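*Asks:* show me how the following folds:
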Amino acid sequence: MPFTKMPNGKFTNEDKVKMFHMMGGVAAVIALVLVILLETGLAGERREFVDMGLTAMIVMLAVSLVGGMYFKR
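*Replies:* A predicted model of the protein is given here:
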């Protein structure tokens, strides 16, 4: 799905905000799945890997929040 309809291919601030919002939504869904894996015990021996992935998704949520707010102004 293209984010920009501009003929020169430049991203506008609205396009950038839309990308950050979509990135935040995807990171939130992945984080939810990882939390469910940790809490139910389905992660098993890969618990450290899932915990590391959850930490990465929290960072992605923070980046998407800051990026979305930065380009809204």
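*Asks:* name the element the spatially closest residue to residue 16 that is not a sequence neighbour belongs to?
*Replies:* Closest residue to residue 16 apart from its sequence neighbours, by C-beta to C-beta, 6 or more residues apart in numbering: residue 71 at 4.4 Å. C-betas here are computed from N, CA, C, even on glycine. Under the criterion of DSSP states H and E, residue 71 resides in helix 47-72.
*Asks:* packing partners of the longest helix along the chain?
*Replies:* Longest helix of the chain, by residue count under DSSP state H: helix 13-40. Contact partners of helix 13-40 among helices and strands, from 3 or more C-beta pairs under 8 Å, 6 or more residues apart in numbering; DSSP states H and E: helix 47-72.
*Asks:* quick revisit: what sits against the residue nearest to residue 16?
*Replies:* 13, 16, 17, 20 (C-beta atoms under 8 Å, 6 or more residues apart in numbering).
*Asks:* tell me the one among those residues nearest to residue 66.
*Replies:* Proximity of the contacts of residue 71 to residue 66 (C-beta to C-beta) peaks at residue 20, which lies at 8.5 Å.
*Asks:* how many residues are close by the closest one?
*Replies:* 20 (other C-beta atoms under 10 Å).
*Asks:* wait, what's in contact with it?
*Replies:* 64, 65, 67, 68, 71.
*Asks:* go with 6 Å
*Replies:* 64, 67, 68 (C-beta atoms under 6 Å, 6 or more residues apart in numbering).
*Asks:* most neighbours of all the residues you listed, which one?
*Replies:* Of the contacts of residue 20, with other C-beta under 10 Å as the count, residue 64 tops at 20 neighbours.
*Asks:* pretty sure that residue is touching residue 22, no?
*Replies:* No. Under the criterion of C-beta atoms under 6 Å, residue 64 is not in contact with residue 22, lying 8.5 Å apart.
*Asks:* before we move on, the earlier item: just the buried residues from the contacts of residue 71, in PyMOL please.
*Replies:* Listed next is the PyMOL selection for buried residues among the contacts of residue 71, using 16 or more other C-beta atoms under 10 Å:
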select buried, resi 16+17+20
